[in-house]
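Engineer: Need the 3D shape of this:
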Amino acid sequence: MSAGRIIAYVAAAILIFFGVLFVWGAFSPQGSPGWIIVGVISIGAGLVLIWLAGRQAKREATEIVQKIELSGDVDLETLSCRNCGGALSPDNVKMIAGAPVVSCPYCNTSYQLTEEPKW
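Structural biologist: Numbers count the residues shown, from 1 in each chain. This next block holds a predicted model:
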């Protein structure tokens with residue numbers, strides 16, 4: 001939770017607390033009817049602060065980072081289309097539904113990239 005949201009929630013709690021005290025005090029023998037208005041405004045301001053802090057929480061973006069650890073030694077090889085043999089670049093490989101899919105710009109074929117065993 002960010003510091004701004006914590007401050008907003010604390011300020012809202014204070015506003016609501018004093019708002020309830022003002023409304024409650026308006027009905028005492030020494031109270032004034034004007035205190036009801038002050039109390040309702042204070043409670044309303046506290047509720048608006050809670051609402052704004054809640055909206056801020058939904059706006060925060062989530063960043064997903066995918067890290068891949070390869071086992072063993074990795075040698076870079078040129079990638080070629082298995083249909084026509086054309087040279088492919090990393091731009092021709094896209095992740096679709098969590099699987100790498102190769103799209104050949106020469107023969108327009110698409111296939112899922114699979115890793116063959118090394119033995």
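
Engineer: what about the lowest-mean-pLDDT helix or strand in the chain, distance to the chain center?
Structural biologist: Using mean pLDDT, DSSP states H and E, strand 79-80 stands out as the lowest-scoring helix or strand of the chain, at a mean of 83. Relative to its chain's centre, strand 79-80 lies at 37 Å (Cα atoms, centre = their mean, to the nearest Å).

Engineer: same question for the very next helix or strand once past it, mean pLDDT?
Structural biologist: Heading C-terminal from strand 79-80, the first helix or strand you meet, by DSSP states H and E, is strand 87-88. In this model, strand 87-88 carries a mean pLDDT of 86.

Engineer: Toward the C-terminus from strand 87-88, list the very next helix or strand.
Structural biologist: As assigned by DSSP H and E, the chain's next helix or strand after strand 87-88 is strand 93-96.

Engineer: partner strands of that next one, parallel or antiparallel?
Structural biologist: According to DSSP bridges, strand 93-96 forms sheet pairs with strand 99-103 (antiparallel).

Engineer: in a helix, that's where Trp18 is, yeah?
Structural biologist: Not quite, residue 18 is Phe, not Trp. Yes. Under DSSP: H, G, I helix; E, B strand; the rest coil, Phe18 sits within a helix.

Engineer: What is the burial count for the closest residue to it other than its chain neighbours?
Structural biologist: Distances taken as Cβ to Cβ, 6 or more residues apart in numbering place Ser42 nearest to Phe18, at 5.5 Å, with adjacent residues excluded. Quick note: C-beta positions are derived from backbone N, CA and C, even for glycine. By other Cβ atoms under 10 Å, 20 other residues sit near Ser42.

Engineer: Could you give me the buried positions within the longest helix seen in the chain?
Structural biologist: With DSSP state H applied, the helix covering the greatest number of residues in the chain is identified as helix 34-59. Residues of helix 34-59 classed as buried under the neighbour-count rule (16 or more other Cβ atoms under 10 Å) are 35-36, 38-39, 42-43, 46, 49-50, 53.

Engineer: per-residue confidence at the residue nearest to Phe18?
Structural biologist: Ser42 is assigned 97 on the pLDDT scale.

Engineer: ok, now which ones touch it?
Structural biologist: Neighbour list for Ser42: 15-16, 18-19, 22 [criterion: Cβ atoms under 8 Å, 6 or more residues apart in numbering].
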